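Novice: I would like the atomic coordinates for the input below:
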Amino acid sequence: MTQDELKTQVGQAALAYVQPGTVVGVGTGSTVNKFIEALATMKDQIKGAVSSSEASTARLKALGIAVFDSNTVARLDVYIDGADEIDHAGYMVKGGGAALTREKIVAAQSAQFVCIADASKLVTTLGTFPLPVEVIPMASQRIQAQFEAMGGTARVRQQGGVPLVTDNGQIILDVTGLQISDPLAFESAVNQWPGVVTVGVFAHQKATTCLLATTEGVQTLSF
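Specialist: Next up is the predicted model:
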C-alpha cells in the first residue's frame with residue numbers, strides 16, 4: 001500500500017469521530033487533506049469547521065464546507081490533525097506545515113484530539129524530526145543560541161531562498177539534535193523564552209486518540 005493510500009485510509013477512518021450537527025476542528029497537512037476530502041462526503045450533516053491554516057480553509061471552502069472563526073465557537077467536540085512524530089503517550093511534534101500556532105489554538109479548544117498518521121510517525125522518543133518553533137524575527141538569533149546551549153542546531157526555515165513567513169507573519173526555526181525525553185517540561189520551558197510564539201511540541205495539548213495507518217489496516221491508540 002502506498003503512502004498516499006495509507007493517508008486516504010486513515011483520513012476516512014477519522015470520520016467515525018465526527019458527530020452530526022457539530023463544528024469540526026480541522027488541522028493542516030497532506031494527511032489532513034485526505035480527511036477534508038472524506039469530510040466533504042458528509043458536509044450536509046455538519047455545521048462546518050474551524051480551520052488551523054489558510055491552506056486548509058481554502059480547501060474546505062472549495063469543497064463547500066463552511067469555515068467559522070474560532071472566536072465564534074465556544075467549544076469543539078473533536079480536532080482532527082496529523083503529526084510529524086507521535087510517541088506512545090500521545091505527545092507529538094508538529095509544525096512541518098508551518099501551522100503549529102493555529103493548530104495548538106484549535107487543539108486547546110477541543111474536547112478530543114484525534115491524530116491521524118502513518119506508522120512511520122510513531123516513535124519512542126521525540127526529536128528525530130526537526131522541531132519547528134515559530135518565533136518573532138527579532139528574537140531569532142538569541143533563540144538559536146539558546147537551542148545551541150541545549151545541544152541543538154536551529155536554522156531559519158527557507159522557502160524560495162528567503163525565510164518562510166507563517167500565516168501569523170512570523171518565521172520558523174527548525175531545530176535538530178535534540179532528544180525530548182520530557183515533552184511536558186520541554187514545552188513549558190521553551191514557551192517561556194521571549195520571542196517564542198509557539199514550540200512544536202504538543203504535550204499540554206496532546207492527542208487523546210491516534211489513528212495509525214499500517215499495511216494491515218488502521219490501528220487505534222488511546223492515551
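
Novice: This protein - how does it break down into domains?
Specialist: Domain assignment for the chain by automatic domain parsing gives 3-122+204-222, 131-199.

Novice: The first one: how far from the chain's middle?
Specialist: Remark: domain 3-122+204-222 is offset 8 Å from the chain centroid, using Cα atoms, centre = their mean, to the nearest Å.

Novice: what about that domain, start to end distance?
Specialist: One end of domain 3-122+204-222 sits 23 Å from the other (Cα to Cα, to the nearest Å).

Novice: same deal with the shortest one?
Specialist: Using Cα to Cα, the gap from the first to the last residue of domain 131-199 comes to 8 Å.

Novice: pLDDT of it, averaged?
Specialist: Mean pLDDT, computed over domain 131-199, is 98.

Novice: Pull the contacting residues for residue 19.
Specialist: Residue 19 makes contact with 77, 78, according to Cβ atoms under 8 Å, 6 or more residues apart in numbering. Any C-beta I mention is one placed from the backbone N, CA and C, and that applies to glycine too.

Novice: now it, what's its secondary structure?
Specialist: coil (DSSP: H, G, I helix; E, B strand; the rest coil).

Novice: Distance-wise, check it relative to residue 218.
Specialist: 19 Å (Cβ to Cβ, to the nearest Å).

Novice: next one: residue 212
Specialist: Taken as Cβ to Cβ, the span from residue 212 to residue 218 is 7 Å.

Novice: circling back to that earlier point, out of the domains of the chain, which one sits most buried?
Specialist: Per-stretch averages of neighbours, counted by mean count of other Cβ atoms under 10 Å, single out domain 3-122+204-222 among the domains of the chain, with a mean of 20.

Novice: what about that one, average pLDDT?
Specialist: 97.

Novice: Closest to the centroid, which residue in this structure?
Specialist: The residue lying closest to the centre of the chain (Cα atoms, centre = their mean) is residue 94, at 4.5 Å.
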